[in-house]
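# I would like the atomic coordinates for the input below:
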Amino acid sequence: MNESSQTLVEKSFTFEDCGGSQSLTVSIPEVLDPQYGMYVWPCAVVLSQYVWMARSELQHKTVLELGAGVSLPGVVAAKCGARVILSDSAELPLCLRNCRRSCDVNHLPNVPVIGLTWGQVSPELLSLPPVDVILGSDVFYEPEDFEDVLVTVSFIVRRNPHAQLWTTYQERSADWSIDALLHKWDLKCINVPLETFDANKNHLAGSTLPGNHTVQMMIITRQVF
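Okay, here's the model as predicted:
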């Protein structure tokens, strides 16, 4: 797919407090193409809701989004006062371009976009500043990628022992499990019930995406022995 053949559609998402006293609207340009890296999936909306509800924790923190694609969670974090770095595979230039497009649409000219390929210790990974929070929306999508994702996360949290991965995933298989891989890479996780951050509803942020999809939220941290 080349640039000229892309069909772009902007979608708006509005995140609100329970009482509606505060809100944030962001616009995300989607590419209408089966290439799933440039489409807003349910997991992105749920993770963005968590970011919005935890926004006071993110003030002036450094946040790295992995596999950002359309970058909804990262854009929300940046709008909430975090220092955000967006990343996607160095091998997917169209996805990196879409990250930049999302920044442009939301007036975030200073958010860097870098190529980070999961499982590779690249110069870009080595040159990251200290990271507080890693965001990963649906990064546990293809089972063959699971370990590469966790290798990258493990590398980051070894260098930043207090860093956390905030991640959402959609249950697509009864066999889905990363427990053995977490143990292998000295990581641990806790599940975060959706009702604790007001994400257990069909219409979230003005989107019907989460709907009946079974989306789960986890926080992954370093296992300290």
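# who touches E16 in this structure?
When contacts are counted by C-beta atoms under 8 Å, 6 or more residues apart in numbering, E16 touches Q22, S23, A205. Quick note: C-beta positions are derived from backbone N, CA and C, even for glycine.
# swap in V40?
Residues in contact with V40 (C-beta under 8 Å, 6+ apart) are K11, F13, I28, E30, V70, L72, S207, L209.
# Pull up the gap between it and S71, please.
Distance check for V40 against S71: by C-beta to C-beta, to the nearest Å, it reads 10 Å.
# what do you get for R101?
Relative to S71, and taking C-beta to C-beta, R101 is found at 9 Å.
# neighbour-wise, which of the two wins?
S71 (36 against 20; other C-beta atoms under 10 Å).
# Give me the mean pLDDT for the helix or strand hosting L150.
L150 is located in helix 146-159, with elements delineated by DSSP states H and E. Helix 146-159 shows a mean pLDDT of 96.
# Packing partners of that helix?
Applying 3 or more C-beta pairs under 8 Å, 6 or more residues apart in numbering; DSSP states H and E, one finds that helix 146-159 contacts strand 62-66, helix 123-126, strand 133-137, strand 164-170, helix 179-184, strand 187-191, strand 215-222.
# switch the cut-off to 7 Å
strand 133-137, helix 179-184, strand 187-191, strand 215-222 (3 or more C-beta pairs under 7 Å, 6 or more residues apart in numbering; DSSP states H and E).
# Any chance of CSV for the ones you listed, columns mean neighbour count and mean pLDDT?
Putting those into CSV (neighbours: other C-beta atoms under 10 Å; pLDDT from 0 to 100) gives the following:
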stretch, mean neighbour count, mean pLDDT
strand 133-137, 27, 97
helix 179-184, 13, 95
strand 187-191, 13, 96
strand 215-222, 19, 96
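# need the ones you listed in CSV with distance to P93, can you?
Shown next, in CSV, are these (distance: least, C-beta to C-beta, whole Å):
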stretch, distance to P93
strand 133-137, 20
helix 179-184, 29
strand 187-191, 30
strand 215-222, 28
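# can you tell which of these is closest to Q49?
strand 215-222 (9.1 Å; C-beta to C-beta).
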